[in-house]
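**Q** The following comprises the amino acid sequence and a computationally predicted model.
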Amino acid sequence: MFFGIVLSPSAWAMILIAVIGALVIPFMIIAEFANLFPAPLSTIIEVSLGYVGFPLLLCYLHSRKLFGRGMGSMFFFIYKWFYVLIGIVALIGTPYAEGGFNVEGFMFGVIFTTVGLVMIWWTRKIDKSFQDAVETGEEIQAEADREAQIQMQAEAILRAEQMKAENQNP
């Protein structure tokens, strides 16, 4: 049991491999695409699509899964925490890099940590809205059930009055 989830060790291994792949492969693909452009534009494309855009896409897909199936994604849960962890490690390790402080590494850490924290905040917001939707749906269902019970009682009373009227007028 890890994070309150019971999975087999092979399932955990598959999830961790998928998360690591999702952390590495999109960056490689986006970096190759960004290399088609001149230097300042390639950096902007790589950062906006790879560091920010892909996590936003995963956030959107997570929300669709949550509202579609009624459950979240363990893959996304681990992915967002890896994002924060990588950012924090980059922030801590930047001053100790060879050749002194590395501004690019520091900015990498800031971006990763910020995007990871935003993903955590966003997930909490989506989870709350999902819970509100579930509660609202339960309230609507309970109200519909009450109305159905009232309708059944009204019909029963009406039938009883009709039967009483029929018995009095044979």
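**A** Okay, I see it.

**Q** May I have stretch 100-107 exported as PDB, CA atoms only?
**A** Taking Å, rounded to 0.1, in the frame of the first residue of the first chain, the C-alpha atoms of stretch 100-107 are listed here in PDB:
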ATOM      1  CA  GLY A 100      29.400  27.700  -9.600                       C
ATOM      2  CA  PHE A 101      25.800  28.900  -9.700                       C
ATOM      3  CA  ASN A 102      24.000  28.100 -12.900                       C
ATOM      4  CA  VAL A 103      21.100  30.500 -13.800                       C
ATOM      5  CA  GLU A 104      19.700  28.200 -16.400                       C
ATOM      6  CA  GLY A 105      19.500  25.300 -13.900                       C
ATOM      7  CA  PHE A 106      18.000  27.600 -11.300                       C
ATOM      8  CA  MET A 107      15.300  28.800 -13.700                       C
END
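
**Q** got the buried residues for that stretch?
**A** For stretch 100-107, the neighbour count (16 or more other C-beta atoms under 10 Å) marks 102, 106 as buried. Heads up, the C-betas are built off the backbone N, CA and C, glycines and all.

**Q** Report the rounded mean pLDDT for that stretch.
**A** If you average the pLDDT over stretch 100-107, you get 84.

**Q** Centre of the chain to it, how far?
**A** Computed by C-alpha atoms, centre = their mean, to the nearest Å, the chain-centroid distance of stretch 100-107 equals 31 Å.

**Q** With stretch 106-121 instead?
**A** With C-alpha atoms, centre = their mean, you get 16 Å for stretch 106-121.

**Q** Would you mind listing the residues in contact with residue 114?
**A** Taking C-beta atoms under 8 Å, 6 or more residues apart in numbering, we find residue 114 in contact with residue 87.

**Q** Give me the residue at the spatial middle of this protein.
**A** For the chain, the residue nearest the mean C-alpha position is residue 62 (3.8 Å; C-alpha atoms, centre = their mean).

**Q** Verify the stated contact: that residue with residue 74.
**A** No. With contact defined as C-beta atoms under 8 Å, residue 62 does not count as touching residue 74 (10.7 Å).

**Q** related to what we said a few turns ago, find the residue closest to the residue nearest to the centre of the chain in space, skipping its chain neighbours.
**A** By the measure of C-beta to C-beta, 6 or more residues apart in numbering, the closest residue to residue 62 outside its immediate chain neighbours is residue 76, 4.4 Å from it.
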